[in-house]
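*Asks:* I would like to see how this sequence folds:
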Amino acid sequence: MFERHLEQQPDGRVTVMLSGIIDESADLDQLLGDLEGDLAIDLSGIVRINSVGIDRWVTAIAQLSSTRRITVEAVPYSIGMQANYVTNFFARAEVLSCLAPYVCPTCETSRPMLVHRDEVALRAPVRWCTGCKGELTFDEFEGYFDFLMRTRG
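*Replies:* Predicted coordinates for the structure are as follows:
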């Protein structure tokens, strides 16, 4: 099931939190088409996207970002990987943050960590384990953040 939740921000913008799977049953036009003005889209609730979903997403985000400011936040791993391979995945939208894969070598647990675009330089930013307090290891190739860097405003 694919859903949206709206949250009004103090600055007047609306944050659209999407959750579920973006696939052939995800009606992005219905969920996003009735919204007006600048938008922030939070993708942290997206668990998967397939090829039909990619096509629907690219079409919807291109249309949305052609006439207004769109920011995208908390891009999950499954979306980030696709954004690195699909041209114009975010169209004119500006990506502000992503959920990057980290692993704790001590606890042997994996967890996504929020990484803001401004934190990314030559290497993944340092994150700490909430369990043992040790330093987490970034668990992906260094090019993972490319999609984040391509959409600088």
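*Asks:* Just the element for residue 35, please.
*Replies:* Element membership for residue 35 (DSSP states H and E) is empty, with no helix or strand holding it.
*Asks:* what about residue 35, distance to residue 100?
*Replies:* Per C-beta to C-beta, to the nearest Å, residue 35 is found 28 Å from residue 100. The C-beta positions use only the backbone N, C-alpha and C, and glycine is treated the same way.
*Asks:* Looking at the two, which one has more neighbours?
*Replies:* residue 100 (26 against 15; other C-beta atoms under 10 Å).
*Asks:* these two touch, right, the more buried one and residue 136?
*Replies:* No. Under the contact definition of C-beta atoms under 8 Å, residue 100 does not touch residue 136, with a separation of 9.8 Å.
*Asks:* Okay, now the unreliable bits of this protein?
*Replies:* Within the chain, the ranges that satisfy pLDDT under 70 run 151-153.
*Asks:* rewinding a little: need the overlap of contacts for residue 100 and residue 136.
*Replies:* Shared contacts of residue 100 and residue 136, defined by C-beta atoms under 8 Å, 6 or more residues apart in numbering, are found at residue 113.
*Asks:* The longest strand seen in the chain pairs with which strands?
*Replies:* The strand of greatest length in the chain, counted in residues with DSSP state E as the criterion, is given as strand 39-49. Next to strand 39-49 in the sheet, as set by DSSP bridges, lie strand 14-22 (parallel), strand 70-73 (parallel).
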